[in-house]
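In: I would like the atomic coordinates for the input below:
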Amino acid sequence: MVEAARKLFAGPIAFLKSAPELKFLPDMDAPEVAFAGRSNVGKSSLLNALTGRNSLARTSNTPGRTQELNFFDVGEPLVLRLVDMPGYGFAKAPKDMIRKWHHLINDFLRGRAVLKRVLVLVDSRHGLKDVDRELMAMLDKAAVSYRLVLTKADKVKATDLAKVSDATAAEARKHPAAHPDVIATSSEKGMGIPELRAAVLESVTV
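Out: The predicted structure follows:
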């Protein structure tokens with residue numbers, strides 16, 4: 001699976017569209033894997049590392065730059081679609097805008113039949129926060145399969161990484177819709193990226 005995933009992500013990948021509202025969503029003609037996480041968790045960097053492109057997803061020092069659902073087509077012919085979701089848990093945006101984004105995420109998660117898995121990104125330095133747990137509860141309720149992925153694993157000591165990995169996996173096992181295994185990644189060092197690619201491919205093919 002690792003080699004098949006490497007070949008897939010080395011091939012054609014293209015930005016499809018942004019959807020600020022549900023009516024702009026693309027047709028449900030391919031399985032989808034969505035990326036969700038707190039603002040500043042390193043979501044755009046991880047998407048770029050996953051696809052081997054430097055600027056597929058827009059990275060920014062300003063948390064909350066992704067304000068829409070962004071769709072990327074992977075493979076030719078089309079194999080799957082990646083969905084970059086707006087970051088959550090940031091305080092700098094106006095409240096009505098945050099509410100609008102929350103509704104968009106909620107409605108997308110509940111009504112998307114082709115959504116095979118959500119990857120919930122968690123900063124290795126901080127572990128799970130209450131805002132992550134809120135999303136996990138929402139995914140459990142919507143019966144959407146998800147998997148926890150640790151980011152920025154190169155920023156913590158190996159012993160601390162092992163602790164946060166164990167604690168995150170223990171929490172995942174308490175949730176009905178969560179995959180029991182956690183993947184630790186580093187966009188900068190490439191750590192865990194082959195495993196993450198394989199996990200994405202596996203989620204749409206198994």
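In: show me what contacts the residue positioned nearest the centre of the chain?
Out: The centroid of the chain falls nearest to residue 35 when counting by C-alpha atoms, centre = their mean (1.7 Å). Contact partners of residue 35, counting by C-beta atoms under 8 Å, 6 or more residues apart in numbering, are 43, 46-47, 82-85, 118-119, 121. Glycine gets a C-beta too; all of them are placed from N, C-alpha and C.
In: Looking at those, state which has the most neighbours.
Out: residue 118 (30 neighbours; other C-beta atoms under 10 Å).
In: I'd say it and residue 109 touch.
Out: Yes. Using C-beta atoms under 8 Å, residue 118 is in contact with residue 109, at 7.2 Å.
In: Between those two, which contacts overlap?
Out: Common neighbours of residue 118 and residue 109 (C-beta under 8 Å, 6+ apart) are 34, 139, 144.
In: still on that earlier bit, quick check: strands, which of the contacts of residue 35 are part of them?
Out: 82-84, 118-119, 121 (DSSP state E).
In: Tabulate those residues (CSV), appending distance to residue 134 and pLDDT.
Out: Below are these laid out as CSV (distance: C-beta to C-beta, whole Å; pLDDT from 0 to 100):
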residue, distance to residue 134, pLDDT
82, 23, 97
83, 19, 96
84, 20, 93
118, 13, 97
119, 17, 98
121, 15, 97
